[in-house]
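Enquirer: Sequence first, predicted coordinates after that:
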Amino acid sequence: MGGKASVESNSTDQSQQEEKKEYDEAELQLLIEERLKAAYPEWHLADPDISQADVDYASASFQIIMSGFWTAPFMERKKNPEFRHNTTTTWFYETFYEGLFTREPEIRPMFRDISMFTQGRLLVGALSISLDSIRDPEQVTKRLTALTVKHNSIGVKSRYYICFGEALFDALRQCLGLMFDEQTELAW
């Protein structure tokens, strides 16, 4: 406590790159927070204030997907004979993974040894567990940390998590249509 930390400059000026600056703990914490804000998408909240209404909206919207309920966008797509999904659940996770692979094509080889059906079931299972335990931050943190450690051990990079969030929101938006309103989006 009260010590100094050394951080390398990020400047393009070579002399500044070689220079190290001393920061006290408060300055270092502020620098870290500024860099995190710049690195994460605008929807990312480090310490969200989660209300019961947020839990209810997120859970209800996910339950619609998990129940197989045919949403208006699903019924519209079902009119196309090439649309191969029988439930919103399979459409959701395939939409999610298509979005993820489009954003980061280098992720696709990580899934070559597993069927998308199996991977999709793992995805919706992890989301269900997270939603079920959201009111217990310690439990959510424990589970998501373990999942992150597992994913990092197989080569998942930090930028993939941002792609994950974007693909998740796009899949929810597509599958729920108008039911993914502003309140539901904020809850997620």
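Expert: It's in. Residues are numbered from 1 along each chain as shown.
Enquirer: quick one: what helix or strand has Y161 in it?
Expert: helix 158-176 (DSSP states H and E).
Enquirer: chain center to that helix: distance?
Expert: Remark: helix 158-176 is offset 6 Å from the chain centroid, using CA atoms, centre = their mean, to the nearest Å.
Enquirer: helices and strands around the following helix or strand past it, which ones?
Expert: Downstream of helix 158-176, the next assigned helix or strand under DSSP H and E is helix 182-187. For helix 182-187, the elements it packs on are helix 52-67, helix 158-176, judged by 3 or more CB pairs under 8 Å, 6 or more residues apart in numbering; DSSP states H and E. Where you see a C-beta, it was placed from the backbone N, CA and C, and this is true even at glycine.
Enquirer: same thing but 6 Å
Expert: Packing partners of helix 182-187 (3 or more CB pairs under 6 Å, 6 or more residues apart in numbering; DSSP states H and E): helix 52-67.
Enquirer: mind listing the helices for this structure?
Expert: With DSSP state H as the criterion, the chain has helices at 14-18, 25-39, 52-67, 72-78, 88-103, 116-132, 137-153, 158-176, 182-187.
Enquirer: and among these, the most buried is which?
Expert: When you average the neighbours per residue for each of these (mean count of other CB atoms under 10 Å), helix 88-103 leads with a mean of 20.
Enquirer: so it versus helix 116-132, what angle?
Expert: Orientation note: helix 88-103 sits at an angle of 100 degrees relative to helix 116-132 (axes from the mean of the first three to the mean of the last three CA atoms, to 10 degrees).
Enquirer: roughly how far is helix 88-103 from the heart of the chain?
Expert: On CA atoms, centre = their mean, the centre of helix 88-103 falls 13 Å from the chain's centre.
Enquirer: Give me the contacts around that helix.
Expert: The contact list for helix 88-103 (CB atoms under 6 Å, 6 or more residues apart in numbering) reads 65-66, 68, 71, 74, 85, 108, 120, 123, 163, 167, 170-171, 174-175.
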